[in-house]
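*Asks:* Coordinates only, no sequence provided:
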């Protein structure tokens with residue numbers, strides 16, 4: 001699931017086809033399963049699971065699906081063991097790209113990543129080659145449609161411990177330090193807020209604009225191929241779309 005922009009996925013998220021939604025739910029389910037196996041099935045004692053549930057809900061995953069994923073993971077013994085691997089590289093014209101994966105076959109995933117980057121005008125780099133260009137932040141996006149009092153929302157967010165607040169295109173964006181994300185999200189939930197996005201993301205410090213038509217086509221294809229890969233959980237980049 002691409003997390004490369006503040007705003008560009010919100011409307012598209014609501015318009016996903018059934019097949020696209022099913023793929024997103026599968027990736028969310030895998031993430032929940034890994035977290036349950038590591039920290040247990042009780043969200044009261046597993047903060048990462050609480051965050052994963054909030055992320056799933058913000059992606060419109062039905063609660064029944066979430067609970068089934070938790071119950072299945074809690075009852076499983078053995079089976080596939082997934083590991084988290086992050087890949088970094090460059091897209092066309094030096095666009096910085098970070099790809100977070102969950103895989104049970106690191107050789108397969110590494111080969112896929114290298115193939116995608118090579119095919120679409122980029123190259124896979126070493127760990128750390130682009131991550132320094134990004135800041136890790138908790139991101140909460142809230143629809144302003146039913147909450148027209150921007151000042152009130154901002155005060156609630158800052159009172160809850162948020163680091164920053166902004167408003168654009170009918171969306172309120174609340175940013176937190178990663179370590180404060182859960183507390184801020186839960187404080188806002190207690191105040192009755194729901195979220196279009198609720199997750200920790202990598203936010204680019206600066207962005208790159210592409211003007212060449214071939215670069216634009218290749219960058220779009222690279223993102224599509226990464227998003228479509230079953231092992232890929234999140235894609236971040238600094239392309240100014």
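*Replies:* Good, I have the coordinates. Predicted, not measured: the structure shown is a model, and the values here were computed from it.
*Asks:* For the chain, give me the ranges with low pLDDT.
*Replies:* For the chain, the stretches flagged by pLDDT under 70 are 1-17, 77-80.
*Asks:* now do 80
*Replies:* Scanning the chain for pLDDT under 80 picks out 1-19, 76-80, 241.
*Asks:* Give me the domain ranges for it.
*Replies:* 10-75, 84-132+206-237, 133-204 (automatic domain parsing).
*Asks:* okay, these in a markdown table with mean neighbour count next?
*Replies:* (Glycine included, C-beta is placed from N, CA and C.) Output for the domains of the chain, formatted as a markdown table (neighbours: other Cβ atoms under 10 Å):
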| stretch | mean neighbour count |
| --- | --- |
| domain 10-75 | 16 |
| domain 84-132+206-237 | 18 |
| domain 133-204 | 17 |
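*Asks:* How about residues contacting the strand or helix carrying residue 21?
*Replies:* In the assignment (DSSP states H and E), residue 21 maps to helix 18-39. Outside helix 18-39, the residues within contact range by Cβ atoms under 8 Å, 6 or more residues apart in numbering are 1, 16, 45-46, 48-49, 52-53, 55-56, 59-61, 65-66, 69-70, 72-74, 76, 82, 84, 102, 228, 230, 232-233.
*Asks:* Ok, stretch 55-62 next?
*Replies:* 1, 13-14, 21, 24-25, 28, 31-32, 63, 65-66, 194-199.
*Asks:* What of stretch 156-173?
*Replies:* With Cβ under 8 Å, 6+ apart as the criterion, stretch 156-173 contacts 6-7, 10, 137, 139-145, 147, 150, 153-154, 174-177, 180, 183-184, 187-188, 191, 193, 196.
*Asks:* For the protein, which segments count as strands?
*Replies:* Secondary structure of the chain by DSSP state E: the strands cover 83-90, 96-103, 123-124, 134-143, 164-168, 171-176, 197-204, 232-237.
*Asks:* Quick one: closest of the ones you listed to residue 212.
*Replies:* For residue 212, the closest of those is strand 83-90, at 15.0 Å, according to Cβ to Cβ.
*Asks:* and that closest one, what does it pack onto?
*Replies:* Here strand 83-90 touches strand 96-103, helix 106-119, strand 123-124, going by 3 or more Cβ pairs under 8 Å, 6 or more residues apart in numbering; DSSP states H and E.
*Asks:* and those as JSON lines, adding distance to residue 208?
*Replies:* Formatted as JSON lines, these follow (distance: least, Cβ to Cβ, whole Å):
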{"stretch": "strand 96-103", "distance to residue 208": "7"}
{"stretch": "helix 106-119", "distance to residue 208": "16"}
{"stretch": "strand 123-124", "distance to residue 208": "15"}
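*Asks:* Relative to residue 209, which of those is closest?
*Replies:* Nearest to residue 209, of all these, is strand 96-103, at 13.2 Å by Cβ to Cβ.
*Asks:* Mind giving me the packing neighbours of that closest one?
*Replies:* helix 18-39, strand 83-90, helix 106-119, helix 213-228, strand 232-237.
*Asks:* got TSV for the ones you listed, with distance to residue 96 too?
*Replies:* Listed next are those as TSV, based on distance: least, Cβ to Cβ, whole Å:
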stretch	distance to residue 96
helix 18-39	22
strand 83-90	6
helix 106-119	12
helix 213-228	12
strand 232-237	6
